[in-house]
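Visitor: my questions are about this predicted structure, shown below with the sequence.
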Amino acid sequence: ALHALSTSRAEQQKLIVDRHNALRRGVKPTASNMMKMEWCPPAAVNAQNWANQCTLRHSPPNLRRTNVQCGENLFMSSAPFSWSDVLQAWYNEEKNFEYGTGAKPKGAMVGHYTQLIWYNSYKVGCGVSYCPIGPYKYFYVCQYCPAGNNPMQIAMPYRSGPRCADCPGHCDKGLCTNPCKYQDLLGNCRNLKTLFGCSHSMVKKQCPASCKCTTQII
């Protein structure tokens, strides 16, 4: 069972990416800036290494880095589930989520859903491990880069509007194909860029995405 689910298999990688993209295309309200996902080998290595630890807990942030910081979804089960079922379980938290409000009722679990459909988390890598000790035998881990679930923005995991409105000319069936390859190190880069400009050394250093990605989705 485990071998069939192994993310070293190209068909499992494709299934995981295609399923994510299908779920991301279908969000309601529609998204104007939803990035098309692709497989990320370094994130998959990190996810598999963590799955192999069988901790059934989140990995520390330092084990969740590629060239950027990544987010993480976990799933545990006593029997093997297909990757489609695992992703669907995360997506099903949508029933606890209202766009613009967030978790509804307050405190309900929505973080797996919001990370799965986070607009600029455009790279995914996953792994699964068999953990014989304890009630949960199967431990699934997906890492998402760059990380989603910014607490300031959790109620709006993407911008609502006509599909691909933010990426004209870079659209594949409702998903944007022009990712920014950089990540801002500060949360207020948009303001800093306006105030000081990108020739300012601090802004240039701390805000590479805002400074270098003028036409891409940040």
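Guide: Received the coordinates, thanks.

Visitor: so what are the domain limits for this protein?
Guide: With domains defined by automatic domain parsing, the chain comprises 2-153, 180-212.

Visitor: what mean pLDDT would you report for the shortest one?
Guide: Per-residue pLDDT values over domain 180-212 give a mean of 93.

Visitor: give the buried residues for that domain.
Guide: Buried residues in domain 180-212, counted by 16 or more other Cβ atoms under 10 Å: 180, 182-184, 189, 192-193, 198, 203-204, 206-211. To be clear about C-beta, it is placed using only N, CA and C from the backbone, and glycine gets the same treatment.

Visitor: how near is Phe81 to Leu23?
Guide: 16 Å (Cβ to Cβ, to the nearest Å).

Visitor: oh, I was asking about Lys181
Guide: Here Lys181 is placed at a distance of 24 Å from Leu23 (Cβ to Cβ).

Visitor: same check, this time on Asn46
Guide: From Asn46 to Leu23 the distance is 22 Å (Cβ to Cβ).

Visitor: more neighbours: those two, which one.
Guide: Taking other Cβ atoms under 10 Å, Asn46 and Leu23 do not tie; Asn46 has more neighbours (23 against 18).

Visitor: does that one touch Pro60 like I think?
Guide: No: between Asn46 and Pro60 no contact is recorded; they are 11.1 Å apart, counting by Cβ atoms under 8 Å.

Visitor: and of the domains of the chain, who's closest to Cys167?
Guide: domain 2-153 (6.9 Å; Cβ to Cβ).

Visitor: only alpha carbons, please: show stretch 171-181 as CSV.
Guide: The C-alpha coordinates for stretch 171-181 follow below in CSV (Å, rounded to 0.1, in the frame of the first residue of the first chain):
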residue,chain,number,x,y,z
CYS,A,171,-3.5,32.2,-17.2
ASP,A,172,-4.2,28.5,-17.4
LYS,A,173,-7.9,27.8,-17.0
GLY,A,174,-8.4,30.1,-14.1
LEU,A,175,-4.9,29.7,-12.5
CYS,A,176,-2.1,32.3,-12.8
THR,A,177,1.2,31.1,-14.2
ASN,A,178,3.5,34.1,-13.3
PRO,A,179,4.8,33.4,-9.8
CYS,A,180,7.3,35.7,-8.1
LYS,A,181,10.4,33.7,-7.3
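
Visitor: can you give me the helices for the protein?
Guide: 2-5, 10-25, 41-51, 83-91, 111-116, 189-196, 201-206, 208-212 (DSSP state H).

Visitor: what's the first one in contact with?
Guide: Applying Cβ atoms under 8 Å, 6 or more residues apart in numbering, the set of residues contacting helix 2-5 from outside is 12, 80, 82-83, 128-130, 138.
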